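Undergrad: got a predicted structure here, sequence first:
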Amino acid sequence: MNDQAVFYPVKLITGVLFPDEELWQWTKSALAARWGAHEDESEPLLFSSVTDYYADIAPVLYRGFLSFGGLRDASLLREWKMVACEIEALSGVPRRVNIDPGYLDGARLVLASTKDHAHRVYLGGGMHAEVTLRYRQGRWTPFDYTFPDFSDGRYHGFLSRVRKRWLEEMAERRRFDSRPSR
């Protein structure tokens, strides 16, 4: 089978940790330059962490999400994370933002990471992927390793909007693909 012919359609999303509105706007602009304008964004929420991993960015952080237009190929996840790391490096020294790209489809939220762990799959180039949440029986459900802020439901409204858009775009794609040729 030709790998070039395989296309697994997903919605590109990214979570961003940032300390202030100026860096939130800067990050949105930097991501738009690489991935196009975002089609939806979440309300930024205060980020509370059980780790000090992000303390190098700022003592107080917010997390916001963006989703990007169209259906994209899930096999690009590694490249999306590489772009995110480039943009993080441009934000300052030390970095002033943390960008976690991923994708969403009807069944799951997958996020990319540079950090390895037992539940993550290596993608190459120092990048890993994890299924962070799954959509089951009409709701987002976490795994035992899912970060607390993803488990507690605060992002589920945004994720459900993006999932709905994915379902609509997939239905349109199926309608288009099933049209008789002339």
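TA: Here it is on my side, so go on. Numbering: from 1, shown residues only.

Undergrad: from now on I want contacts and neighbour counts done on CA atoms only, so please keep to that.
TA: Will do.

Undergrad: ranges for the strands of this structure?
TA: Counting by DSSP state E, one finds strands in the chain at the ranges 9-18, 38-41, 45-47, 61-68, 72-73, 98-104, 108-113, 121-124, 127-136, 139-142.

Undergrad: out of those, which is closest to E172?
TA: Across the strands of the chain, E172 has its closest neighbour in strand 9-18 (12.4 Å, CA to CA).

Undergrad: quick check: which of the strands of the chain is nearest to S91?
TA: Closest of these to S91 is strand 98-104, at 9.4 Å (criterion: CA to CA).

Undergrad: turn the strands of the chain into TSV, including mean pLDDT, mean neighbour count and distance to Y155.
TA: Output for the strands of the chain, formatted as TSV (pLDDT from 0 to 100; neighbours: other CA atoms under 10 Å; distance: least, CA to CA, whole Å):
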stretch	mean pLDDT	mean neighbour count	distance to Y155
strand 9-18	97	24	10
strand 38-41	97	16	11
strand 45-47	93	14	9
strand 61-68	97	22	9
strand 72-73	97	16	22
strand 98-104	97	24	13
strand 108-113	97	22	11
strand 121-124	95	14	23
strand 127-136	97	20	11
strand 139-142	98	18	10
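
Undergrad: pull the longest helix from the protein.
TA: Assignment by DSSP state H gives helix 156-177 as the longest helix of the chain.

Undergrad: want to throw the strands of the chain into TSV with distance to A84?
TA: Shown next, in TSV, are the strands of the chain (distance: least, CA to CA, whole Å):
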stretch	distance to A84
strand 9-18	9
strand 38-41	15
strand 45-47	19
strand 61-68	13
strand 72-73	16
strand 98-104	6
strand 108-113	10
strand 121-124	15
strand 127-136	11
strand 139-142	24
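
Undergrad: for D40, which residues make a bridge with it?
TA: S67 (DSSP bridges).

Undergrad: nearest to F176, out of the strands of the chain?
TA: Comparison of the strands of the chain against F176 by CA to CA identifies strand 9-18 as nearest, at 14.6 Å.
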